[in-house]
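Q: This is the structure alone, sequence omitted:
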């Protein structure tokens, strides 16, 4: 009797062990098992590269890596306009100032940014002198750096010395030259023979806008100022 009980007890223990082993081998399929974490060491290259921070700096500004690039400033000044060019024979002829002996060209005066008034004239012409008096008054109202007046003596019998005295006696501040036959003919070829008639009071204007205007008759100071402004760019 005792032997039977002992065997029964051994059988119960064996069955209990088999049940426990089955429970371990067959886990509950409804329970999710997370894989065990594995520590991964960063490579030396990755460890040497700084990680940009997405947080704002202490000043409240976003980090430099996330700020937009500054816009490139463009110049705001307008481009300088190109100087006008005049190539007429009378404009490119080399002239000599009777008072200073300086040589110059009318085209170069215009290229320097000045409105240039050219008056074919003569010492004996009272109309010419009256026109130059008006020019003096007009130039007092204009920037001297922007205008020029050139008196061209087209009377072949008059000398540079006489023209220089005429300038000084009248107190005219302008340039004066004596035209040779080639210069006089160049004016007449473009503007007609009337340009060689001093009492007609011819005035040729070269504008910084590239225009050439030929006027006849006397123009007072106010008219000359308006013409200077109109021919400027």
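A: It's in. Since the model is a prediction, treat every value here as computed from it, not as a measurement.
Q: The closest residue to residue 191 other than its chain neighbours and residue 166, how far apart?
A: In space, residue 191 comes closest to residue 214 once its chain neighbours are excluded; the distance is 5.0 Å by CB to CB, 6 or more residues apart in numbering. Where C-beta positions appear, they are placed from N, C-alpha and C, glycine not excepted. Remark: distance between residue 214 and residue 166 (CB to CB, to the nearest Å) = 24 Å.
Q: who has more neighbours, the two?
A: residue 166 (22 against 15; other CB atoms under 10 Å).
Q: looking at the chain, which helix or strand is least sure?
A: helix 44-48 (a mean of 43; mean pLDDT, DSSP states H and E).
Q: And the first helix or strand past it going along the chain, what's buried?
A: Remark: after helix 44-48, the chain's next helix or strand is helix 89-92, criterion DSSP states H and E. Under the neighbour-count criterion of 16 or more other CB atoms under 10 Å, helix 89-92 has 90-91 buried.
Q: for helix 89-92, packing partners?
A: Here helix 89-92 touches helix 106-111, helix 181-191, going by 3 or more CB pairs under 8 Å, 6 or more residues apart in numbering; DSSP states H and E.
Q: Ranking those by mean neighbour count, which comes first?
A: helix 106-111 (a mean of 20; mean count of other CB atoms under 10 Å).
Q: for the record, mean pLDDT for it?
A: Helix 106-111 shows a mean pLDDT of 97.
Q: what's stretch 155-174 in contact with?
A: If you take CB atoms under 8 Å, 6 or more residues apart in numbering as the criterion, stretch 155-174 is touched by 96, 98-99, 122-124, 129, 132-133, 135-136, 139, 148-151, 153, 176-178, 181, 184, 198.
Q: first vs last residue of it, how far apart are they?
A: One end of stretch 155-174 to the other measures 18 Å (CA to CA, to the nearest Å).
Q: Mind listing what's buried along that stretch?
A: For stretch 155-174, by 16+ other CB under 10 Å, it's 155, 158, 160, 163-164, 166-167, 172, 174.
Q: Please apply the same query to stretch 142-149.
A: 142, 147-149.
Q: Could you let me know which of those residues ends up closest to residue 105?
A: The closest of the buried residues of stretch 142-149 to residue 105 turns out to be residue 148 (CB to CB; 11.8 Å).
Q: Wait, a strand at the closest one?
A: Yes: the assignment for residue 148 is a strand, going by DSSP: H, G, I helix; E, B strand; the rest coil.
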